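In: here's a sequence, model it:
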Amino acid sequence: MIVNINSTNPQMRFIRKVVECLREGGVVAYPTDTVYGIGCDIFNQKALKRIYQLKQRDPRKPFSFICSDISDITQYAQVSNFAFKIIKRHLPGPYTFVLEATRVAPSLLMTRQHTVGIRIPDNAICNMIVRELGHPLVTTSAHISGEDSLSDPQEIERVLGKQLDMVVDGGVLRGEPSSVISLVGDQVEVLREGGGDISWIEME
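Out: Just a heads-up that it's a prediction; the model follows:
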């Protein structure tokens, strides 16, 4: 099912419809500031396992998740003063920051090193969904592992629709996946170069 939401002024009645689906264990495709994501409630293990099956992804490779704001991040990750300054400067934006996890973070979303990847996209639709949901949203790009990301919600519905409970149409996106940057141990390391300028890293 496709739900059309205005990307500039998202209609709250549609946001609530998406959130209701997520609370019931749904798996949803939604726009971010880079590419379309696929996600679920981070505390719903059954829905999370469905995403692993859909993506045909190794369960030893955890997904990142979207938080509503920086104070929300501190519940799930250990944010030093060094990391806080960087995160505050660059989020919302097209970056995923890897940090040491707290005990609140779901184990299925942690690496073996007890780290988590966290995003706050610069996209009104997904940010409103996360705020209305009340806790983070799993995020992984909308495609099967090893294949190109899907940028058109109509194409996502055609290719993945049978495995999704809802596709949020926020327009066609032509971006690239977020840049993944580790801040573990107050050391800045680029794990994946993607969307967003990373020239600032040389100055840290």
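In: residue contacts, Pro121?
Out: 32-34, 66, 92-94, 127, 178 (C-beta atoms under 8 Å, 6 or more residues apart in numbering). For glycine as for every other residue, the C-beta is placed from the backbone atoms N, C-alpha and C.
In: TSV please, covering those residues and showing neighbour count and distance to Leu109.
Out: Supplementary listing: the contacts of Pro121 in TSV, determined by neighbours: other C-beta atoms under 10 Å; distance: C-beta to C-beta, whole Å:
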residue	neighbour count	distance to Leu109
Thr32	28	17
Asp33	21	21
Thr34	27	19
Ile66	26	12
Pro92	18	20
Gly93	18	21
Pro94	23	20
Asn127	21	19
Ser178	26	16
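In: and the furthest pair within those residues?
Out: Pairwise distances among the contacts of Pro121 were taken by C-beta to C-beta; the largest, 14.4 Å, belongs to Asn127 and Ser178.
In: helices along the chain, start to end?
Out: With DSSP state H, the ranges of helices along the chain come out as 12-23, 45-55, 70-76, 81-90, 124-133, 153-160.
In: surely Asn44 touches Val28?
Out: No - the pair Asn44 / Val28 is not scored as a contact, 11.6 Å apart, by C-beta atoms under 8 Å.
In: check the residue positioned nearest the centre of the chain and give its pLDDT.
Out: The chain has Thr139 as the residue nearest its centroid, 3.0 Å off, counting by C-alpha atoms, centre = their mean. Looking at Thr139, its pLDDT reads 96.
In: do the same with Glu204
Out: 65.
In: which of the contacts of Pro121 fall within strands?
Out: Per DSSP state E, strands hold the following members of those: Ile66.
In: can you redo the contacts of Pro121 as JSON lines with distance to Ile73?
Out: Formatted as JSON lines, those follow (distance: C-beta to C-beta, whole Å):
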{"residue": "Thr32", "distance to Ile73": "16"}
{"residue": "Asp33", "distance to Ile73": "17"}
{"residue": "Thr34", "distance to Ile73": "18"}
{"residue": "Ile66", "distance to Ile73": "10"}
{"residue": "Pro92", "distance to Ile73": "12"}
{"residue": "Gly93", "distance to Ile73": "13"}
{"residue": "Pro94", "distance to Ile73": "16"}
{"residue": "Asn127", "distance to Ile73": "13"}
{"residue": "Ser178", "distance to Ile73": "15"}
